[in-house]
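**Q** the sequence isn't on hand, but the structure is:
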């Protein structure tokens, strides 16, 4: 990922973290809300939309295909749906920016269109593997060309007749599952996706909210083509992945007591919550309720001493985006933390295992990389210079590390934080970070 030259410096906290915070809207739900509203019949309002670069790229993609999308105020989109077959050929390649979710889900949608299209992305996205989407879509009848190794750009040929399939994912991935389900909207017959481990079910829940008949349970989802999506209003909860940095930060800084409002707590997303609690974290879910069909709660986190654990592999699919923050928690905990079954981290926006291991070693942490995880010896963190490799989640995780390090941490290549968490610096400093 190329994040530019933006560098942050994070310094040790001089006081406890505190406050009442609402992090931005959920990125995964924001992507899907705009997509499904664009394909629906009628007008939908999306409230709490994440004003990040990735989600804006998805909105621009549908605007380029003829969908009228209005922005009456920040974090609100009014989407005038074109219907399942109402998209038009874009005049140029669709630029997904850094959004792997956007590219993979759009590939499933575009496989069912009558027109040809091309999906491109930034330097980082252009290195991310798309073969896991291309191969099953090809089995459904799609025709998709890529660069060597299944890398973007992706050229999706239109006018293909898609057929439903019964497909077992070799690796659990909500993005791949979602791409196939979206292609299934356009396919003849039934599409069934089976997962080796259950992943987040945002697509299934939202398709049901938009009126599409779908059967799903942990690890499986089935739908048939031939129906329609009906416009509906969506309220996007606060993003658990963004809340993760504050959960870890307040757990580590003595005396902290922080309240995070309206956080999505879909059980397929909150593996970090379980992992931190196993480590001894003091996190409670207050006022659990539903917001826009999704489970939410206010999360109160107080400082607590953390200890190392063997992270259960069963939690891995439910916390794949939160591992950089967990690496920092493990580095500051007493004892050893072992992570396994997380090879997916090597093909995210960066090789997150390698980036976090290099950075933590530079801060004096004893950490051993494994092919699918790491072994981390907890202890004190020194100051130093680290490189986030342009990965937004690694950059924010190193910012958390600075709160408890013995010296300042200088973090290179931070500009891409805007893809998922615009306003992070101001929000973090408002609750006690010393970040600039």
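**A** Ah, there it is. Since we're looking at a predicted model, the values are computed, not measured.

**Q** count of neighbours near residue 50?
**A** For residue 50, the neighbour count with other Cβ atoms under 10 Å is 28. For glycine as for every other residue, the C-beta is placed from the backbone atoms N, C-alpha and C.

**Q** from residue 237, how far out is it?
**A** Using Cβ to Cβ, to the nearest Å, residue 50 is found at 11 Å from residue 237.

**Q** overlap in contacts of the two?
**A** Residues touching both residue 50 and residue 237 (Cβ atoms under 8 Å, 6 or more residues apart in numbering) are 25-26.

**Q** check contacts around residue 318.
**A** Residue 318 neighbours (Cβ under 8 Å, 6+ apart): 198-200, 267-271, 274.

**Q** now residue 172
**A** Applying Cβ under 8 Å, 6+ apart, the residues contacting residue 172 are 195-199, 317.

**Q** and it, which of the three is it?
**A** What DSSP: H, G, I helix; E, B strand; the rest coil gives for residue 172 is coil.

**Q** which one is it nearest to, not counting chain neighbours?
**A** residue 197 (4.3 Å; Cβ to Cβ, 6 or more residues apart in numbering).

**Q** near the one you found, how many other residues are there?
**A** Residues near residue 197, counting by other Cβ under 10 Å, number 18.

**Q** what of residue 368?
**A** Residues lying near residue 368 (other Cβ under 10 Å) number 12.

**Q** that one touches residue 374, doesn't it?
**A** Yes: at 6.4 Å, residue 368 counts as touching residue 374 under the criterion of Cβ atoms under 8 Å.

**Q** helices along this structure, start to end?
**A** Using DSSP state H, the helices of the chain run over 27-39, 53-64, 100-110, 131-139, 174-184, 202-209, 240-252, 271-278, 323-332, 352-362, 392-402, 424-430.

**Q** which one, of the ones you listed, ends up nearest to residue 414?
**A** For residue 414, the closest of those is helix 392-402, at 4.3 Å, according to Cβ to Cβ.

**Q** angle of the closest one against helix 352-362?
**A** Interaxial angle, helix 392-402 versus helix 352-362 (axes from the mean of the first three to the mean of the last three Cα atoms, to 10 degrees): 20 degrees.

**Q** which strands or helices does helix 392-402 pack on?
**A** With contacts defined as 3 or more Cβ pairs under 8 Å, 6 or more residues apart in numbering; DSSP states H and E, helix 392-402 has these neighbours: strand 8-11, helix 240-252, helix 323-332, helix 352-362, strand 409-412, helix 424-430, strand 434-435.

**Q** the fifth one pairs with which strands?
**A** In this case it means strand 409-412. Sheet pairing for strand 409-412, assigned by DSSP bridges, gives strand 8-11 (antiparallel), strand 384-387 (parallel).

**Q** got the domain boundaries for this protein?
**A** 8-25+237-435, 27-235 (automatic domain parsing).

**Q** Throw these into a markdown table and include mean pLDDT, thanks.
**A** Converted to a markdown table, the domains of the chain look like this (pLDDT from 0 to 100):
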| stretch | mean pLDDT |
| --- | --- |
| domain 8-25+237-435 | 95 |
| domain 27-235 | 96 |
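
**Q** which of the contacts of residue 172 count as buried?
**A** Burial by neighbour count, judged by 16 or more other Cβ atoms under 10 Å, picks out 195, 197-199, 317 from the contacts of residue 172.

**Q** could you identify the most distant pair in the residues you listed?
**A** 195 and 317 (8.2 Å).

**Q** distance of residue 272 from residue 296?
**A** As for residue 272, its distance to residue 296 is 16 Å (criterion: Cβ to Cβ).

**Q** the two: who's more crowded?
**A** When residue 272 is set against residue 296 and neighbours are counted by other Cβ under 10 Å, the residue ahead is residue 272, at 27 against 23.

**Q** spatially nearest residue to the more buried one, not counting backbone neighbours?
**A** residue 322 (3.9 Å).

**Q** so that neighbour makes contact with residue 239?
**A** No: the criterion here is Cβ under 8 Å, and residue 322 misses it with residue 239 at 10.8 Å.

**Q** now do the shared contacts for the two.
**A** In contact with both residue 322 and residue 239: no residue, using Cβ under 8 Å, 6+ apart.

**Q** of the contacts of residue 318, closest to residue 344?
**A** residue 199 (10.4 Å).

**Q** what's the spacing between the nearest residue to residue 427 once chain neighbours are set aside and residue 103?
**A** Among residues not flanking residue 427 along the chain, residue 21 sits closest, at 6.4 Å (Cβ to Cβ, 6+ apart). According to Cβ to Cβ, residue 21 stands 31 Å off from residue 103.

**Q** those two: which is more packed in?
**A** residue 103 (29 against 21).

**Q** re earlier: hmm, which of the contacts of residue 318 are the buried ones?
**A** Counted by 16+ other Cβ under 10 Å, those give 198-200, 268-271, 274 as buried.

**Q** tell me the one of these nearest residue 160?
**A** Using Cβ to Cβ, the buried ones among the contacts of residue 318 come closest to residue 160 at residue 199, 26.7 Å.

**Q** what about residue 277, how many neighbours?
**A** 14.

**Q** my guess is it contacts residue 284. True?
**A** No: using Cβ under 8 Å as the test, residue 277 is too far from residue 284 to be in contact (9.9 Å).

**Q** buried set for stretch 397-408?
**A** Across stretch 397-408, burial judged by 16+ other Cβ under 10 Å covers 397-405.
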